[in-house]
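S.K.: sharing a model that was predicted from the sequence below.
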Amino acid sequence: MNRTVEEIGRIFGDVGLGQFHLSLSNPVERGDYLAVEDEAHGAVLCQLDDLKRKSDFDLERAGSLGPREEAAIHENLLGIARIIGYRDGQGLVKLPTIPFRPGAHVFRAEEPLIAQVLGLKHHANSGAYVGLLRNHALRVELDINQLVQRHVSVLAKTGGGKSYLLGVLIEELLRHHVTCVIIDPHGEYGSLRSPAQKNGGYARFGVESQGFARQVQEYSPDVSLNPNAKPLTFSLRHTDTRDLLVFMGLTNVKTFLGPLKQIIDAVAARNPEYTVADLVRAAEHAEGAVGETLHERLEYVEQTKLLGPQGTSLNDLVQKGEATLVNLRGVAPDVQELVVARISTTLFDNRKKGKIPPLFLVIEEAHNFAPQQGTATSSRILKNIASEGRKFGLGLCVVTQRAARIDKSVLSQCNTQLILQVTNPLDLRAIAQSIEGLTDGMTEMIQSLPVGTALITGGGYHTPLFCEIRPRATRHGGESVQIVAA
Ligand SMILES: Nc1ncnc2c1ncn2[C@@H]1O[C@H](COP(=O)(O)OP(=O)(O)O)[C@@H](O)[C@H]1O
Ligand SMILES: [Mg+2]
């Protein structure tokens with residue numbers, strides 16, 4: 001290590017193999033990278049996990065001071081550092097097997113060492129560039145093969161920057177021609193078509209504004225509310241009677257299933273190619289309050305145009321190298337679940353048969369589609385995809401503001417976590433429990449992350465790292481609505 005390197009402190013006290021204490025002589029921030037020269041292995045990368053100001057000013061002295069009296073206080077800045085390791089001859093990250101010596105000098109780590117040990121490299125073909133290592137000019141790229149093969153979760157409180165980050169990720173996937181299907185409950189992702197207005201961050205991050213209009217297509221069950229979308233429909237003949245009840249908004253299966261089956265059987269006997277309009281006509285003559293409700297709800301389904309003779313074909317829905325948005329804005333929650341369940345099932349079945357390319361399935365508001373408590377129509381298939389999808393090249397990405405409310409088995413199958421600010425203690429606990437290698441210091445840092453900084457675990461990296469997310473090349477569609485003009 002050369003002489004110009006900035007020394008920031010010295011190791012003291014008992015020294016462990018995983019962490020050590022140091023007295024700090026220069027200011028450093030929690031999360032900063034440090035280096036210690038090891039006799040056997042050269043520079044070893046470490047990270048400041050916690051800071052404390054120690055002083056000799058105790059309760060007794062504090063109590064004995066008069067109101068305006070100043071005291072001479074002797075203080076020291078104490079740091080707790082975690083040892084990340086060094087790269088050995090084979091390129092593997094190793095921890096020293098003998099503790100550092102007390103008294104050893106601690107330096108600010110230089111970027112080549114950080115890049116080498118963390119494994120930050122530019123991969124033109126397989127890297128999704130999501131941002132820069134916090135406080136450094138080092139690119140953080142996620143391994144696209146890992147993303148698709150090993151599932152991703154994006155976790156943060158509302159307004160934490162989940163949709164923005166996901167936009168960044170999808171831009172990268174589109175640049176690499178990875179096929180994506182995005183369940184978009186709020187209709188936020190249509191803006192991936194349009195380039196962003198240039199902003200101050202572009203030069204530092206090396207980003208150019210760019211739209212992806214040619215690679216984005218949008219479907220929606222409600223095209224009157226979402227005019228940019230093509231109609232998403234399902235085949236009536238492939239919809240079983242229970243699902244039809246969901247489309248009708250009827251939850252009381254016991255009451256309605258039998259009578260609806262009767263109507264369908266009678267209509268199908270006359271014309272196997274029946275339509276919803278045929279069912280409406282038949283229900284007109286159904287008797288009693290139940291018959292009346294069935295008639296009224298079938299009329300509603302007819303208006304939604306959700307069930308057609310053909311249904312949207314898979315070949316239209318999935319386009320190789322492109323992103324398909326399934327815009328569910330304005331669609332009732334139970335119908336949303338059904339849509340997600342049916343699309344996910346179709347994608348998984350056809351992926352197993354190799355009929356569609358490997359793809360990345362994004363579920364926004366995933367706690368609604370695979371809840372920890374209670375069930376959603378879509379729960380089972382999403383759990384299946386979480387546990388088996390990787391074998392078939394179906395990558396799942398779940399996005400949620402309630403880590404505690406999403407099914408634990410789904411969350412724990414995600415090997416890459418992108419975590420932005422989270423403050424709810426229950427959500428923090430769920431995150432700490434589902435992720436290996438998070439230190440207490442990192443968990444504390446998650447609570448105060450500024451907007452635009454993420455903690456990344458997995459994604460091809462062996463240690464969690466903090467990343468400043470790059471600006472979007474496309475317009476962000478999730479701006480909050482201004483209620484009062486600024
Ligand atoms: N990386 C970022 N850089 C700049 N602004 C950001 C970034 N991430 C989020 N924002 C801003 O924060 C707001 C909330 O982000 P959003 O992604 O919509 O939150 P969430 O989806 O978590 O509710 C956005 O309107 C956006 O302007
Ligand atoms: Mg959002």
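M.R.: Cool, got the structure. Ligands and ions are numbered 1, 2, ... in the order given.

S.K.: ok, which stretches of the stretch 351-486 of the chain are strands?
M.R.: Taking DSSP state E, counting those that start in this stretch, the strands of the stretch 351-486 of the chain run over residues 359-363, 394-400, 416-419, 453-457, 465-469.

S.K.: of all those strands, which one comes closest to His295?
M.R.: Among these, the nearest to His295 by C-beta to C-beta is strand 359-363 (34.8 Å). In short, each C-beta sits where N, CA and C put it, glycine included.

S.K.: pretty sure Glu37 is touching Ala43, no?
M.R.: Yes. Using C-beta atoms under 8 Å, Glu37 makes contact with Ala43 at a distance of 5.9 Å.

S.K.: hmm, Gly330 is touching Pro227, no?
M.R.: No. Assessed by C-beta under 8 Å, Gly330 is found out of contact with Pro227, at 11.8 Å.

S.K.: more neighbours: those two, which one.
M.R.: Under the criterion of other C-beta atoms under 10 Å, the comparison of Gly330 against Pro227 puts Gly330 first, with 15 against 9.

S.K.: who does the lengthiest helix in the chain touch, helix- and strand-wise?
M.R.: Across the chain, the longest stretch assigned as helix under DSSP state H is helix 333-352. Secondary-structure packing of helix 333-352 (3 or more C-beta pairs under 8 Å, 6 or more residues apart in numbering; DSSP states H and E): strand 179-184, helix 241-247, helix 314-317, strand 323-327, strand 359-363, helix 366-369, helix 379-388, strand 394-400.

S.K.: show me which residues of it are buried.
M.R.: By 16 or more other C-beta atoms under 10 Å, the buried positions in helix 333-352 come out as 334-348, 350-351.

S.K.: what mean pLDDT does it get?
M.R.: If you average the pLDDT over helix 333-352, you get 93.

S.K.: mind checking pLDDT for the spatially most central residue of the chain?
M.R.: Nearest residue to the geometric centre of the chain (C-alpha atoms, centre = their mean): Val154, 1.7 Å. Val154 carries a pLDDT value of 98.

S.K.: Three-state assignment for the residue in the chain that ligand 2 sits nearest to, please.
M.R.: The nearest approach of the chain to ligand 2 comes at Ser163, 3.3 Å away (C-beta to the ion). For Ser163, the secondary structure call by DSSP: H, G, I helix; E, B strand; the rest coil comes out as helix.

S.K.: that one: how many residues sit nearby?
M.R.: Using other C-beta under 10 Å: Ser163 sits among 22 other residues.

S.K.: from His186, how far off is it?
M.R.: 8 Å (C-beta to C-beta, to the nearest Å).

S.K.: overlap of the contact sets of those two?
M.R.: Glu364, Gly478 (C-beta atoms under 8 Å, 6 or more residues apart in numbering).

S.K.: residues from the protein in reach of ligand 1?
M.R.: Within the chain, the positions lying close to ligand 1 (C-beta under 6 Å from any ligand atom) are 156, 158-164, 451-452, 469, 476, 478-480.

S.K.: buried sites along stretch 187-197?
M.R.: Neighbour counts over stretch 187-197 (16+ other C-beta under 10 Å) mark Gly187, Glu188, Tyr189, Gly190, Ser191, Leu192, Arg193, Ser194, Pro195, Ala196 as buried.

S.K.: and the residues you listed near ligand 2, which?
M.R.: Residues of the buried residues of stretch 187-197 in contact with ligand 2 (C-beta under 5 Å from the ion): none.

S.K.: quick one, domains of this structure?
M.R.: Following automatic domain parsing, the chain resolves into domains at 7-118, 127-227+318-469, 235-308.

S.K.: winner for burial among the ones you listed?
M.R.: domain 127-227+318-469 (a mean of 20; mean count of other C-beta atoms under 10 Å).
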